[in-house]
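A.B. asks: need a 3D model of the sequence below.
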Amino acid sequence: MGNIGIPWDALTPILQVLIAERFKFVLMRGTRFRHRSAKLNSLRLEMRLTEDDAPAG
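C.D. replies: Okay, here's the model as predicted:
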C-alpha cells in the first residue's frame, strides 16, 4: 500500500491508457524491502518489457 504523486496534467492520459488496458507492467526501483517497506526511487508504467528492464541477478 502506498501513495504516489502524479502531476495533474499527466493524470488524464494515464487514466485513458489504464482504461484501454494497455499498461501491462509497473516497474519500480528502490531499496530492498525491510520490515514490509522500501524507499521507492522511481516508478514507470510500461506496455512491454525490454532486456534492460530484466532484474539484475
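A.B. asks: only C-alpha atoms from now on, for both contacts and neighbour counts.
C.D. replies: OK.
A.B. asks: grab the nearest non-local neighbour of residue 44.
C.D. replies: Residue nearest to residue 44 in three dimensions, not counting chain neighbours: residue 27, with 5.1 Å by Cα to Cα, 6 or more residues apart in numbering.
A.B. asks: now swap in residue 47 and tell me
C.D. replies: Residue 47 sits nearest to residue 23 (Cα to Cα, 6+ apart), 4.6 Å away.
A.B. asks: can you read off the backbone torsions of the residue of the chain most remote from its centre?
C.D. replies: In the chain, residue 35 marks the outermost C-alpha relative to the chain mean, sitting 21.1 Å out by Cα atoms, centre = their mean. Phi and psi for residue 35, reported as degrees, to the nearest 10, are phi 60, psi 40.
A.B. asks: from residue 37, how far out is the residue nearest to residue 47?
C.D. replies: As for residue 23, its distance to residue 37 is 25 Å (criterion: Cα to Cα, to the nearest Å).
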